[in-house]
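S.K.: Got a sequence here, can you build the structure:
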Amino acid sequence: MAFYKGFRPSLSVENAASSAQRLPPEIIREIFLACLARDSHSLSSHEAPWNVSQTCRYWRDVALATQKLWAFLHYDSSKDVSLQMFELILDTWLLRSGSLPLHYKVGLSIPENSPDRSKHDIVERIVEALFQHQSRWRNVCLQCYGLDISDQFNAKATSMPQIEYLQLRFNNSAGEAITLDLSSALSIKELQLMSIYAAIPISNQLTNLRSVELHFSEPERENHSFVDVCLELLHAAPNLEIFELELYGARSSPPQLMTPKILLPHLRSIYVSEFSDITLVLEKLTAPALTSFATDSEHVDAAPVFLDFIRRSQPPLTVLDIWKGFASEEHLLEALRFLPALEVLEIRHTALSVHFLEALTVGEDQQAGDTLCPSLRRITVSDITGWEDMDGLVARMLLSRWTISKPLTEFYFKDVDCDMEKVIGMESIQCCIEEGLTVEHEMELNALLSLYTADTDSE
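M.R.: Now for the predicted structure:
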């Protein structure tokens, strides 16, 4: 006890601060950089760089001289300081970052039909200020909603030699006014655009580009073709792996550019939503490495084009999710013959006949090489018509596929207007369980039966 009573700390608060100030600036600089919270809002006074730059004069001098501290910026106008304050901060921030590559995520939003024109003017100036530094862009996410642009609005992205990730999401009128030319973006790896309508020919090959997402939400303006935007990007990205396209209420004008056939040997995934003219893209495209294809487009003539695309590509497709025009039974069955690796099949909003189930049923003497989609693990059918007279055919197909090396383990039956118990053939499945299915298969079938029983009871 005497020891503790006589103990005096050798380092007071003042001494601790003094010791911190004696650290060389290069060590303090590394500590500051380690404090950066790059996934949160960097305008918070409780996070770097603000907190470390307001502790003492020495730390502030080091922070202001560390340009990398100011090369990362997160701002959300709905959560952070006001737009007026951010405009003032932005100039200082960009100045302090010197000439370093910029990493920023900025969200600007104005309430719909806002009568305050000053907010629109502020957002315009912020966007233009950010675009003035496009030569330093490295990882950029700029989202802008509710902006009513003026005639003076000028945002052109034509020189982005350092960009690797680019996401531009604008409301329609603002997006239409933006000029985007990716010819200089030779380092770009991922691109996401919303309501950016300009289709500028790309003069260079974007060999690093791996992922493209395009979103459009309004009827297309004159002389703007979504098809041209898609084909231009696909043609310029020979190593593309992921392609997504969503159109909400938009229709494409006829393509204006003469694009040659496109081979994308590394493309793994295609997702298309509400794009009726996807056939104009597919007829140009060959994708021999494709593993996932999903679309809810309703183009009535899509099935023949899709079949030709599958024949031409012969991809190792494992996931196929289609509906309506793409799901024409005749063309679908023919396409499935070219997809031996298919594991997941989802079909929606179409008519399927007895012939479809019979084609998927494995015969007793059928060889593995003759089985349609021998790797199929899951089938989902929803909003399907024409199944009223298929008593027991579902059970026959399911049970036939338990006997192959890779059995079907999931079958989802959704929103189909028929007697489910009768169509599935519940008694047949129960008999087969009693006749010696393994425990693993029995558990899977019992889970399947529980799902169907619950659906039947709810009806």
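S.K.: after the helix or strand encompassing Thr350 comes which helix or strand?
M.R.: Assigned by DSSP states H and E, Thr350 falls within strand 344-351. Note on strand 344-351: by DSSP H and E, the next helix or strand toward the C-terminus is helix 354-360.
S.K.: What is the end-to-end distance of stretch 360-371?
M.R.: 8 Å (Cα to Cα, to the nearest Å).
S.K.: where do the strands sit along the stretch 51-200 of the chain?
M.R.: Counting by DSSP state E, counting those that start in this stretch, residue ranges of the strands within the stretch 51-200 of the chain are 72-76, 102-109, 137-145, 156-157, 165-170, 179-180, 190-194.
S.K.: hmm, back to that, for the strand holding Thr350, buried residues please.
M.R.: 344-350 (16 or more other Cβ atoms under 10 Å). Where C-beta positions appear, they are placed from N, C-alpha and C, glycine not excepted.
S.K.: Could you please name the strands that strand pairs with and the direction of each pair?
M.R.: strand 319-323 (parallel), strand 378-385 (parallel) (DSSP bridges).
S.K.: between those, which gets the lowest average pLDDT?
M.R.: Note on the strands paired with strand 344-351: strand 378-385 shows the lowest mean pLDDT, a mean of 79.
S.K.: After it, which helix or strand is next?
M.R.: With secondary structure assigned by DSSP H and E, strand 378-385 is succeeded by helix 393-400.
S.K.: Report the angle between that next one and strand 378-385.
M.R.: Interaxial angle, helix 393-400 versus strand 378-385 (axes from the mean of the first three to the mean of the last three Cα atoms, to 10 degrees): 170 degrees.
S.K.: In terms of secondary structure, what does helix 393-400 contact?
M.R.: Applying 3 or more Cβ pairs under 8 Å, 6 or more residues apart in numbering; DSSP states H and E, we find helix 393-400 packed against helix 354-360, strand 410-414, helix 420-424, helix 426-434.
S.K.: what's the least confident stretch among the ones you listed?
M.R.: Minimum mean pLDDT among the helices and strands packed on helix 393-400: helix 426-434, a mean of 49.
S.K.: end to end, how far does stretch 182-189 reach?
M.R.: End-to-end for stretch 182-189, by Cα to Cα: 12 Å.
S.K.: Can you give the distance from that stretch to the centre of its chain?
M.R.: 19 Å (Cα atoms, centre = their mean, to the nearest Å).
S.K.: Which residues does that stretch contact?
M.R.: 158-166, 191, 200, 202-204, 206-211, 233, 236 (Cβ atoms under 8 Å, 6 or more residues apart in numbering).
S.K.: quick one: average confidence on it?
M.R.: pLDDT averaged over stretch 182-189 gives 94.
S.K.: Can you report how many residues lie near the residue lying closest to Asn51 once chain neighbours are set aside?
M.R.: Nearest residue to Asn51, sequence neighbours excluded (Cβ to Cβ, 6 or more residues apart in numbering): Ser45, at 6.4 Å. Neighbour count for Ser45, taken as other Cβ atoms under 10 Å: 7.
S.K.: In the stretch 101-250 of the chain, where is pLDDT below threshold?
M.R.: Applying pLDDT under 70 to the stretch 101-250 of the chain flags the ranges 172, 197-201, 217-224, 248-250.
S.K.: show me where it has helices.
M.R.: 117-131, 172-176, 226-236 (DSSP state H, counting those that start in this stretch).
S.K.: Please report the distance of the closest residue to Ala236 other than its chain neighbours from Lys105.
M.R.: In this structure, Ala236 finds its nearest non-sequential neighbour in Ile202, 4.1 Å apart by Cβ to Cβ, 6+ apart. Between Ile202 and Lys105 the distance is 25 Å, computed by Cβ to Cβ, to the nearest Å.
S.K.: Now do the strand holding Thr350 against strand 410-414, angle only.
M.R.: Going by the same axes, to 10 degrees, strand 344-351 makes 20 degrees with strand 410-414.
S.K.: Now do strand 344-351: distance to the chain's middle.
M.R.: Taking mean C-alpha positions (Cα atoms, centre = their mean), strand 344-351 and its chain are 22 Å apart.
S.K.: just stretch 104-116 next, same as before
M.R.: 23 Å.
S.K.: all numbers from here: first residue = 778
M.R.: Shifting the count to begin at 778 puts that one at stretch 881-893.
S.K.: mind checking which helix or strand Pro1042 is in?
M.R.: Counting by DSSP H and E, Pro1042 is found in no helix or strand.
S.K.: Leu963: neighbour count?
M.R.: The burial count for Leu963: 16, using other Cβ under 10 Å.
S.K.: so how far is Val989 from it?
M.R.: From Leu963 over to Val989 (counting by Cβ to Cβ), the distance is 16 Å.
S.K.: ok, now how distant is the residue nearest to Ala1013 from Val917?
M.R.: 18 Å.
S.K.: And for Ala842?
M.R.: 25 Å.
S.K.: Show me which of the two is the more surrounded one.
M.R.: Val917 (22 against 12).
S.K.: so that one touches Tyr942, yeah?
M.R.: Yes: between Val917 and Tyr942 there is a contact under Cβ atoms under 8 Å: 6.9 Å.
S.K.: Write down the beta-bridge partners of Val989, one by one.
M.R.: Leu968, Phe1020.
S.K.: what's the neighbour count on it?
M.R.: 23.
S.K.: repeat for Pro826
M.R.: 22.
S.K.: Quick one: residues contacting the residue nearest to it when sequence neighbours are not counted.
M.R.: Once flanking residues are discounted, Pro826 sits nearest to Leu846: 4.1 Å by Cβ to Cβ, 6+ apart. Leu846 makes contact with 809-810, 813, 825-826, 829-830, 840, 873 under the criterion Cβ under 8 Å, 6+ apart.
S.K.: switch the cut-off to 10 Å
M.R.: 806, 809-810, 812-813, 819, 825-827, 829-830, 839-840, 870, 873-874, 877 (Cβ atoms under 10 Å, 6 or more residues apart in numbering).
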